[in-house]
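Student: need a 3D model of the following:
(one chain, ligands or ions: 1)
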Amino acid sequence: MTGAPRDTKWNPPAPEDSPQGGGFRAEFDVTTDRGGPRYGEFVEQVRTFMDKVRYACPTPELADEVIEELKQFNAKLDTMLVDEWHTPSGTRIDLPSRGNITLPPYEITDGGEDGVSATVEFRRFHLGGNGVAHGGHVAVAFDDLGGMAAALNVHGVARTAYLTVNYRSLTPLETPLTLKTWVERRDGRKLFVKGTLHEGDRLCADLDALFIALRPGQA
Ligand SMILES: CCCCCCCC(=O)SCCNC(=O)CCNC(=O)[C@H](O)C(C)(C)COP(=O)(O)OP(=O)(O)OC[C@H]1O[C@@H](n2cnc3c(N)ncnc32)[C@H](O)[C@@H]1OP(=O)(O)O
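Tutor: Coordinates of the predicted model:
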């Protein structure tokens, strides 16, 4: 198991009467091969680049050089753009964070209707200040994995209505942390989700969130 539980039916067929036009797709088209066998390495190199950018103080000459090279890379990627439903970034369940470059890298260790357990590691580019993680990045990790717990519980898509993060102690960078989320209570379409983030036995943060299961065709 890496970016999502493997034994879950991620691609439930849309109901016959599901209006897809403009709506969130009921079919979450997961994959393990989109983007090729080295897609994970590709994403990892970008993360490493962002780590360097966060701490580098380039000379003007080096900045000029890197800008020119980045323009060339961006032009190459411009020839390969696809829509969000077909990009590997977010749908490659064999990769950390489903290959989603915008998420802190996590690996799912257990996941199902009862909740999700993951190991997450904030990178150097997730720096907030004084060597520890930015609180917004902690919230991103909780949002995605809270949303996953909700989705696995309802076998469909859920959106965040509110998300409260209590920051209980500092969250370190470059350290494997344990993140757990679970649906504590369900009331119709409303999923009350809780979560915790630990370094060892120490609680770094906890989550109190509401996710709403989307109706067919809802955006
Ligand atoms: C596996 C990958 C997981 C990825 C997870 C990522 C999740 C995300 O980040 S989603 C992005 C952030 N969220 C958003 O942009 C959502 C924006 N908001 C919306 O779209 C809508 O307000 C939405 C969908 C949440 C709810 O709208 P709608 O479906 O019309 O439901 P609505 O009738 O207003 O509310 C349903 C119930 O929830 C309650 N509710 C809705 N919002 C809130 C809220 N903020 N606080 C408390 N209760 C609320 C309502 O009072 C209602 O309760 P009841 O049924 O008891 O009367």
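Student: can you give me the helices in the protein?
Tutor: Remark: helices assigned in the chain by DSSP state H are 39-55, 60-78, 135-154.
Student: so which of the ones you listed is the most packed in?
Tutor: Of the helices of the chain, the one with the most neighbours on average (mean count of other C-beta atoms under 10 Å) is helix 135-154, at a mean of 22. In short, each C-beta sits where N, CA and C put it, glycine included.
Student: is the ligand contacted by that helix?
Tutor: Yes. Using C-beta under 6 Å from any ligand atom, helix 135-154 reaches the ligand at 143, 144, 147, 148, 151.
Student: pLDDT at residue 29, what is it?
Tutor: Residue 29 carries a pLDDT score of 75 in this model.
Student: does it touch residue 84 like I think?
Tutor: No. The criterion here is C-beta atoms under 8 Å, and residue 29 misses it with residue 84 at 10.5 Å.
Student: quick one: which of the residues of helix 135-154 next to the ligand is nearest the ligand?
Tutor: The closest of these to the ligand turns out to be residue 147 (C-beta to the nearest ligand atom; 2.3 Å).
Student: would you mind listing the residues in contact with that closest one?
Tutor: Contacts of residue 147 were listed using C-beta atoms under 8 Å, 6 or more residues apart in numbering, and they are 158, 159, 160, 211.
Student: where does the residue lying farthest from the centre of the chain land on pLDDT?
Tutor: Distance from the C-alpha centroid of the chain, by C-alpha atoms, centre = their mean, peaks at residue 61 (35.2 Å). Looking at residue 61, its pLDDT is 98.
Student: begin at 32, not 1, for the rest of this chat.
Tutor: That works, and once the first residue is 32, the last one we named lands at residue 92.
Student: quick check, central residue of the chain?
Tutor: For the chain, residue 134 is the residue whose C-alpha lies nearest the centre (C-alpha atoms, centre = their mean; 4.1 Å).
Student: correct me, but it touches residue 173?
Tutor: No. Residue 134 is beyond contact range of residue 173, at 11.2 Å (criterion: C-beta under 8 Å).
Student: isn't residue 149 up against residue 210?
Tutor: Yes. Here residue 149 reaches residue 210: they are 4.8 Å apart, a contact under C-beta under 8 Å.
Student: which residues do the two both contact?
Tutor: By C-beta under 8 Å, 6+ apart, the residues touching both residue 149 and residue 210 are 137, 176.
Student: got a list of what residue 239 touches?
Tutor: Counted by C-beta under 8 Å, 6+ apart, residue 239 has contacts 195, 197, 224, 225.
Student: give me the ChimeraX select line for those residues, limited to the buried ones.
Tutor: Buried members of the contacts of residue 239, defined by 16 or more other C-beta atoms under 10 Å, are picked up in ChimeraX with:
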select :224,225
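Student: in TSV: the contacts of residue 239, plus distance to residue 206.
Tutor: Shown next, in TSV, are those (distance: C-beta to C-beta, whole Å):
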residue	distance to residue 206
195	24
197	20
224	24
225	23
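Student: format the contacts of residue 239 as a markdown table; extra columns: pLDDT and distance to the ligand.
Tutor: Formatted as a markdown table, the contacts of residue 239 follow (pLDDT from 0 to 100; distance: C-beta to the nearest ligand atom, whole Å):
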| residue | pLDDT | distance to the ligand |
| --- | --- | --- |
| 195 | 98 | 10 |
| 197 | 98 | 17 |
| 224 | 98 | 10 |
| 225 | 98 | 15 |
